[in-house]
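J.: I would like to see how this sequence folds:
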Amino acid sequence: MPLPEGFLSALQPTDSFLVCFPRSGSRWLRLLLSDIVNQLLDRDPSGLYDTQLEVETGTLRYQSNCLEAKEVIPNGYVDPRELPVELSGLIDPIFKSHNFTQLSSRPSARILYLFRKPENCLFSHYHYLLKKKHPSTLEQTLSEFFLQWFPVWTKHVSAVTLKATPDPSPFALVQYQDEIPFSCQQLRLAARFLHLDYSSGMEKAAFDRFSCFLTTLNQSGEHSYPRCQNIDLSDLLETPALREVWARSRAAFEKASRLATQHLRSDGEERRS
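T.: Below you'll find the predicted structure:
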């Protein structure tokens, strides 16, 4: 979906973007980054996770005075001039979007790109659309969905790897992990890329809260599969047609993964220098 012209025309050269294919982990990275931002503002970040549990399980939680993740990193249709005043001077504006092609064509664009194993990304996307009762998905089997969407995923990720370089600027890649979405080192890269400075104590506190949140979410019984983890789905991809499109997507994934590893290494070396 194209970004609104009004949003694009209001952007500034210092604005950054968190971009990914749907269901690639932007929700979880936004939570972690927003946790740290709230700590920097001397606000209790616990409400972030209570709000997210309400979204995921429908369970009403208490309200807090923290800035919500969608306020810290809003979606790419919010007027950039209407961001919370508390963020002014703390971080440059950051927006979340799925539209890499449109954003990357802007001069001086800074994009933090998240990606996930294609089969897990699309498995999550399928079940999300089913939950939302998306008309076309209701009429599709998972195999049909995979056949339709593997090429779309491959095109999305390949557009990034064609423009990215081993240096994490202006496009930094972050790979969704298997057991927990993101590591401390990845959070440091993301925060540094987005010009967010914080202490190691804040990082530990954020990850402790995030880990407790994931445990509670997976104990809620709302899903028949583990949330926030990459699981082995190879038994769902046994037909020749599925294996063929999956192989192309895996090749694009491996290329992106090598770049993400290089970006982590470059960020670590720069921190030590």
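J.: what residues of stretch 197-210 count as buried?
T.: For stretch 197-210, burial by neighbour count (16 or more other CB atoms under 10 Å) applies to Tyr198, Met202, Glu203, Ala206, Phe207, Arg209, Phe210. No exception for glycine: its C-beta is placed from N, CA and C like everyone else's.
J.: show me where this protein has its helices.
T.: 5-10, 26-40, 46-57, 69-72, 100-104, 118-131, 135-138, 142-163, 184-193, 200-219, 240-272 (DSSP state H).
J.: least reliable of the ones you listed going by mean pLDDT?
T.: Lowest mean pLDDT within the helices of the chain: helix 46-57, at a mean of 81.
J.: next, the buried residues of that helix.
T.: Ser46, Gly47, Leu48, Tyr49, Asp50, Thr51, Gln52, Leu53, Glu56.
J.: please save the CA atoms from that helix in PDB.
T.: Extracted in PDB, the C-alpha atoms of helix 46-57 (Å, rounded to 0.1, in the frame of the first residue of the first chain):
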ATOM      1  CA  SER A  46       5.200  -2.100  32.400                       C
ATOM      2  CA  GLY A  47       2.100  -0.700  30.800                       C
ATOM      3  CA  LEU A  48       3.600  -1.300  27.400                       C
ATOM      4  CA  TYR A  49       3.300  -5.100  28.000                       C
ATOM      5  CA  ASP A  50      -0.100  -4.900  29.600                       C
ATOM      6  CA  THR A  51      -1.400  -3.100  26.600                       C
ATOM      7  CA  GLN A  52       0.100  -5.600  24.300                       C
ATOM      8  CA  LEU A  53      -1.400  -8.500  26.300                       C
ATOM      9  CA  GLU A  54      -4.800  -6.900  26.000                       C
ATOM     10  CA  VAL A  55      -4.300  -6.700  22.200                       C
ATOM     11  CA  GLU A  56      -3.200 -10.300  22.000                       C
ATOM     12  CA  THR A  57      -5.600 -12.000  24.500                       C
END
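J.: quick check, distance from that helix to the centre of its chain.
T.: 17 Å (CA atoms, centre = their mean, to the nearest Å).
J.: list the contacts for the closest residue in space to Arg116 that isn't next to it in sequence?
T.: In space, and not counting its chain neighbours, Arg116 is closest to Tyr176: 3.8 Å by CB to CB, 6 or more residues apart in numbering. By CB atoms under 8 Å, 6 or more residues apart in numbering, the contact list for Tyr176 reads Ser24, Gly25, Leu114, Phe115, Arg116, Lys117, Asn120, Cys121, Phe182, Asn230.
J.: need the helices of the chain in JSON lines (columns: distance to Leu90).
T.: Compiled in JSON lines, those are given as follows (distance: least, CB to CB, whole Å):
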{"stretch": "helix 5-10", "distance to Leu90": "20"}
{"stretch": "helix 26-40", "distance to Leu90": "6"}
{"stretch": "helix 46-57", "distance to Leu90": "16"}
{"stretch": "helix 69-72", "distance to Leu90": "10"}
{"stretch": "helix 100-104", "distance to Leu90": "23"}
{"stretch": "helix 118-131", "distance to Leu90": "31"}
{"stretch": "helix 135-138", "distance to Leu90": "40"}
{"stretch": "helix 142-163", "distance to Leu90": "28"}
{"stretch": "helix 184-193", "distance to Leu90": "12"}
{"stretch": "helix 200-219", "distance to Leu90": "13"}
{"stretch": "helix 240-272", "distance to Leu90": "21"}
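J.: of these, which is nearest Phe171?
T.: helix 142-163 (6.1 Å; CB to CB).
J.: for that closest one, name the packing helices and strands.
T.: Under the contact definition 3 or more CB pairs under 8 Å, 6 or more residues apart in numbering; DSSP states H and E, helix 142-163 sits against helix 100-104, strand 110-115, helix 118-131, strand 171-175, helix 240-272.
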